[in-house]
Structures are given as C-alpha cells and as structure tokens.
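> got a predicted structure plus its sequence, pasted below:
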Amino acid sequence: MGRFIARRLVQAVPTLFGILLLTFLLSRLSPADPVKLMVAGNFDITPEDRAVLYHDLGLDDPLPIQFVHFLGDVARLNFGNSFYYHRPVVELIGERIPNSLQLSLLSLLLALAIGVPLGVIAAYNRGKLADHVIRITSVAGHAVPTFWFGLLFVTILGVQLRWFPIGSMNVVGVDCVFCWDRLWHIVGPVITLSLTGIAAYPRYLRTEVLEIIRQDYVRTAQSKGLRDRSIAVGHVLRNSLIPVVTLLGGILTIILGGSVVIERVFNWPGLGRLLFDGLVNKDYPMVQASVIIGALLLLVSYILRDIAYAWVDPRIKVR
Amino acid sequence: MATAQTAVARPTAPVELRRASAGLWSDALYRLRRDPTTIAALGTLLLLVLLSASADLLADNVFQWSFSKQDILSSYEKPSLSEPAMVLGSDELGRSQVVRLLYGGRVSLSVGAFAALVSMTIGVLLGISAGYFRGWWDDVVVWLVQTLANIPTLYLLLLIGAYFRLNPVTLTLLLGLLGWLGINNLSRGQTFALREREYVVAARTIGATPWRVMTRHIFPNVLPLLIVVAMIDVGAVILTESALSYLGFGIQPPVPSWGNMLTNATQYSSRAAWLIYAPGAMIFITVLCLYLVGDGLRDALDPRLRGSIGGAAATKKTA
C-alpha cells in the first residue's frame, strides 16, 4: 500500500505543475495591471513609485524567472496580500476552509447516503414502479440547474414559508459549528449541493449492480442457500463499492465547483464565496490563491479517492 | 444444439429484433419511432428552438414589446392574461418576462450548441489521435486532461472571466475549449479498442495512411456514441453558462440569458417570485429534454448500451 501511495503522489506532480503553470500564465496574460489595482484610490502616487512597486513585485523579470519565483511563493504558501482586505490571502482562506469543508463533507455524505441505496433499490426492482420513479427523479435531478434549485429553496422555504433561514451560517450573535442553529442553516446548502450526487449515483450504480447480480459468485451464494438480504449486503453491496468510488471523483469536482454558486445563493462564507467576492472586488491575489487552493483540494481528494479505490479493489495496487 | 438454443432464445428476444436489420441508422430510426418519451422530448426541444429562433418575429407581432423596452409604470406586473407581453409578468424595470425568455433562449441554446460543437471537434481530434498513435502524444493528451480535470471548470471559467472581458462569442469558444474532456476520454477509449480489430489491422496492412484509418474506419464507429454524448454536452454547457451568467461573469446584460435573468430576480424574490420561476424552469426543461433525447438515442443506436453512459453525464455537470 505504501508503494502504491508513493507512486500516486509522484503521478500528481505533473498535474500540479500543469495547474500552477495555467494559473500563472492566465494571470500574466491578463490585460489588468496589478500595480494600478494595488494603488487604486491613491492619487499622490508618482510614476517613480510605480516603477519601484513594479520592481518589488518582480514584474520586470523575464517570464520564466517570474514563474520560478511564483513556484517558490506557492511552495511557501505566500500568495501576497489581498488588495481588498489588506491582509495575507492565506490567512483569509484558512479562516474559510473549515466552513467549506463542513459544507462539502456533509453534502458528500448525504449524496452517498441517499444515492447509493437508491441505485441498489433500482437494480433490485428492475422494471418495476420503484425503478421507474428512481430513474425519472434521477434524470430530473441531473437536468435541474443546481443554483436554481437553491434559489427555489430560499424563495419558497425561506422567504415565503419562513421554515429555513435565507442565508449565512448562524443566527446573529450565535457562533457555533456543531449545534442546532448551524444545522438549521446548513440544511438548504447541503441538500442543494448534494443534489447532483443523489441523482448521479442511482443512474450509474443501477447498471453496475445489475452486472454484479449476474456474476457467478452471486449465483454460488444463492445456491449455498444464503438469505437474499445477506447476499445483497455481503456480496452485491461490497462489490458495488468499486463503482461508488469510481464516481466519487466526478462528485467531488461537482461539489467543489458548485460551492462557488451555492455559497453565493445561500450566502455561505466559504472558499467559493471568497473567490466570488475576490472576483467582484477585482482582488486578483485572492482569486488566484482561491483557484490554486481549490485545485489543490481537488488534487488531494483525488489522491484520497485512488487510495480508497486500491483499498476496496486490491487489483488496482498491482497495476 | 443450435436449434435448442434458438428455441430457448426466441421467447426472450425483444420484439424489435424480429424485423430484419436494415443497417445501423435505419434500425435506430425504427426503434426511435417506438419510443414516445424521446419523441416528446425531441418535439419539445424543436419547439423551443423554433420559438427562440423566431424571437424577433414574435416580439414585434404577437407581444409588441421589444426585449429591452422598459416601462417603469408596469414594473413588477404579476403574470396575467390582460396583455400578451405580461403573460409571465414583468421585472423591476417593467420589461416583459416572456419576451426576454425568448431572447434568452436564443443566447443559451446557441451558446450550448456551438460550444458543444467546439468541444466535440477538439475531443474527437485529440481522443482518436491519442488512442491511435499512443506513445508520447497520448501522454501529452492525458496530462492535459488530468490538469484540466483537476481544476474545477467553474473556477477556471471565473478566473478567465475575471482577467478577460468575455462576449458571447469568446464565452462560447471558452466553454468549448474547456468541455472536451469527456468526449476525449470516450473516443480515446473506443479507439484503443477499435485499433486492434481485424478490419483496422487489415486496412493498415494494405497501406492505408493513419489519416485514412482514423477518418474512414475508426471515426464512423465512434460517431453513434458521440451523438449521444453531444446531447448531454449541450445540456451540460447550458447549465454551466447559466451558472456563470447568474454569477455575473457569463453573458452580460443587457443581452438577456436565462442565467443572467436570475441574477436580478433574487433581489426581488419577496416581491416578485415569478421572476425566479420562469428562467430556471426554461433551463430545466431544455436540459431535461436534451438528456432524454440523449438517452433515447443511445438506446435506439445500440440497445446493449442501455444505462451505460449515464455516468458520463454525472461527471459533466459543473453547476
């Protein structure tokens, strides 16, 4: 297992390099002048001051040199100061990451807790009413724009019926992470963010489970006289863990990417919201850092997924 | 033995197999005509395309209200049948919601279709060539795919949207440039399998150029699957575009798109909730129809594939 993890980490290096190269090139190709944005509002800045700032930021170096400096900064997690908050970007992101993690982990758990059983139920009731209902809801769940679902949640259950709060993480004055108040606030964003996963799992898993049911070992288990329930849990569900993990990559991307929109809809102060605010405020260091941190989080979760993959399917390790 | 087998097989064989096969496309058409869901979805889709294509005509003659016509006195008009232009109410500036939906449809549908076309082209070219030539070229393509897959698409789109000012054309190109991963993986995988088939080996043996093998022997065999994925892709692009426009970094007002119509609507949700329902419902219906047509086409083109590329749709969704 140790060797497998080591190999997987080495494989991540070119990807990491690609991510950093892309974000670096995009920021340098941009027509926006960082010095101009930095000193926006200061009218007593002379051209000489600008030149000094330009030199201090290393913007007069050749591109490859700038890239090397950029890599050094990223390695030390030095993303500079936010143009808007005038504080180190890393600090700001660090404050938001727990909020994002709470939201995305709960969404992932909800997607698995609902989606996986639905997929198994659909396969076991193939062609029956339950199968059709699950298939239709699954297609609909795919097609619905997630942010619109969130807007509907806020408008109908929040604004009109007042069952749920219309945004933020806690009632004003309350500050807690694991409590009823937080739970009440997180219901909407979690349901919205897990929607795609809930829709995707049954669709994907149904085919896989149907395939597994046809396998010889299931027939052997049946002829041994095992009860249907213990076959379903011990043989079918265990083997369907492999497709569950396969789909995890896509679901993680959706949850992380979707958080920008969902955190905006529900006014959830996470990483996605920070990125959005950075975009609105033209706070480029913030935007660049959020994108890099977001991609890093995704890279790490992909690696974790592959480790989980090797764990549920030992054949992977050998390959 | 052979007769015994056919005797067993006959009762389970689907009705459609009794008809003599008349080639891939006409068989597909035959099956498609017997699939009411797909026909209904296709009909709805055509109606939507027709309606948005004739937006100018309808706005001038039926509604007599241009998409930018404002009338402060009739702002926040509730949906009513008193006036054709007010069937779906009006927004905060007294603009007709139904006319704006028509024009928004024109933007959303064409962005979706053309972006999907761009990503199909890139995905097929890279996928087939990487699968055919393998070696270092395949490594490069895989590296590109992994890098892009590791940055949430929405993050990347927002990053580029922040650095560069996007118009509908550049936005379409960008969505196409970032959306080819799924098609690439599919056609690359198919090519891997097809290039070892006897007829491809035979073609190579008699000296067919790689270009000829790829265009004449491999591409036609990948095409049926591509058409299915294209439908899913158009839907996915429409969803991404709407999320991006909702955040304010996609289609810019005053050009209406279904996504950016929702940006303002949220501010007035307590006063004019109908502004939230219609644009989202349009996106939902359009994408739902695209997915249903995709599913139907897949089953019609190759009944054995039933349920197999559903998972691809799951990983396509970004918002």
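Structure's in. What do you need?
> so B:Asn150 makes contact with A:Leu299?
Yes: at 5.3 Å, B:Asn150 and A:Leu299 qualify as touching, with contact defined as C-beta atoms under 8 Å. Where you see a C-beta, it was placed from the backbone N, CA and C, and this is true even at glycine.
> these two: who's more crowded?
A direct count of neighbours by other C-beta atoms under 10 Å in any protein chain shown for B:Asn150 and A:Leu299 places B:Asn150 higher, at 22 against 17.
> ranges for the helices of the stretch 1-150 of chain B?
With helices called from DSSP state H, counting those that start in this stretch, the stretch 1-150 of chain B shows them at B:2-12, B:24-33, B:36-53, B:55-58, B:97-133, B:135-149.
> need the residues that contact the last one.
Think helix B:135-149. Applying C-beta atoms under 8 Å, 6 or more residues apart in numbering or on different chains, the external contacts of helix B:135-149 come out as A:14-15, A:18-19, A:22, A:253, B:126-127, B:129-131, B:156, B:178, B:181, B:184-185, B:188.
> which of the residues you listed are buried, as a PyMOL select command?
The buried subset of those, as determined by 16 or more other C-beta atoms under 10 Å in any protein chain shown, is captured in PyMOL by this line:
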select buried, (chain A and resi 15+18+19+22+253) or (chain B and resi 126+127+129+130+131+156+178+181+184+185+188)
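> just give the nearest non-adjacent residue to A:Ala130, would you?
Nearest residue to A:Ala130, sequence neighbours excluded (C-beta to C-beta, 6 or more residues apart in numbering or on different chains): A:Ile121, at 5.9 Å.
> so which elements touch the host helix or strand of that neighbour?
In the assignment (DSSP states H and E), A:Ile121 maps to helix A:89-124. Under the contact criterion of 3 or more C-beta pairs under 8 Å, 6 or more residues apart in numbering or on different chains; DSSP states H and E, helix A:89-124 touches helix A:129-143, helix A:180-213, helix A:241-265, helix A:271-280, helix A:284-312.
> and that helix with helix A:271-280, angle?
Helix A:89-124 runs at 130 degrees relative to helix A:271-280, counting by axes from the mean of the first three to the mean of the last three C-alpha atoms, to 10 degrees.
> now helix A:89-124: buried residues?
For helix A:89-124, a neighbour-count test (16+ other C-beta under 10 Å) marks A:89-90, A:92-93, A:96, A:99-100, A:102-104, A:106-108, A:110-112, A:114-116, A:118-124 as buried.
> do stretch A:30-50 as well
Here stretch A:30-50 shows A:34-35, A:38-39 as buried, counting by 16+ other C-beta under 10 Å.
> and stretch B:270-281, how far from the chain's centre?
Offset of stretch B:270-281 from its chain centre (C-alpha atoms, centre = their mean, to the nearest Å): 24 Å.
> quick one: contacts of it?
Residues contacting stretch B:270-281 (C-beta under 8 Å, 6+ apart): A:145, A:148, A:151-152, A:155-156, A:159-160, B:76, B:78-79, B:88-89, B:91-92, B:97-98, B:101, B:104, B:258-259, B:261-262, B:264-266, B:268-269.
> please pick the buried ones from those residues.
Going by neighbour count (16+ other C-beta under 10 Å), the contacts of stretch B:270-281 have A:145, A:148, A:151-152, A:155-156, A:159, B:88-89, B:91-92, B:97-98, B:101, B:104, B:258-259, B:261-262, B:265-266, B:268-269 buried.
> contacts for stretch B:43-56, please.
Outside stretch B:43-56, the residues that touch it by C-beta under 8 Å, 6+ apart are B:58, B:67, B:99, B:102-103, B:105-106, B:109, B:282, B:285-286, B:289-290, B:293.
> can you select the buried ones from those in PyMOL?
Command for PyMOL, covering only those of the contacts of stretch B:43-56 found buried under the criterion 16+ other C-beta under 10 Å:
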select buried, chain B and resi 58+67+99+102+103+105+106+109+282+286+289+290+293
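> is it correct that B:Val103 is in contact with B:Trp258?
In this structure residue B:103 is Tyr, not Val. No: between B:Tyr103 and B:Trp258 no contact is recorded; they are 10.0 Å apart, counting by C-beta under 8 Å.
> dump the helices and strands packed on helix A:89-124 into TSV; add mean pLDDT as well.
Shown next, in TSV, are the helices and strands packed on helix A:89-124 (pLDDT from 0 to 100):
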stretch	mean pLDDT
helix A:129-143	88
helix A:180-213	86
helix A:241-265	85
helix A:271-280	88
helix A:284-312	86
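> around residue 142, count how many other residues there are.
This is for chain A. By the criterion of other C-beta under 10 Å, A:His142 has 24 neighbours.
> chain B, not that one
There are 15 residues near B:Val142, going by other C-beta under 10 Å.
> can you tell me how far A:Leu297 sits from chain B?
9 Å (C-beta to the nearest C-beta, to the nearest Å).
> ok, the residue lying closest to that residue once chain neighbours are set aside - contacts?
Nearest non-adjacent residue to A:Leu297, counting by C-beta to C-beta, 6+ apart: A:Leu256, 6.4 Å away. A:Leu256 makes contact with A:104, A:294, A:297-298, A:301, B:152, according to C-beta under 8 Å, 6+ apart.
> I'd like to know which of the residues you listed are buried.
For the contacts of A:Leu256, a burial check counting by 16+ other C-beta under 10 Å picks out A:104, A:294, A:297-298, A:301, B:152.
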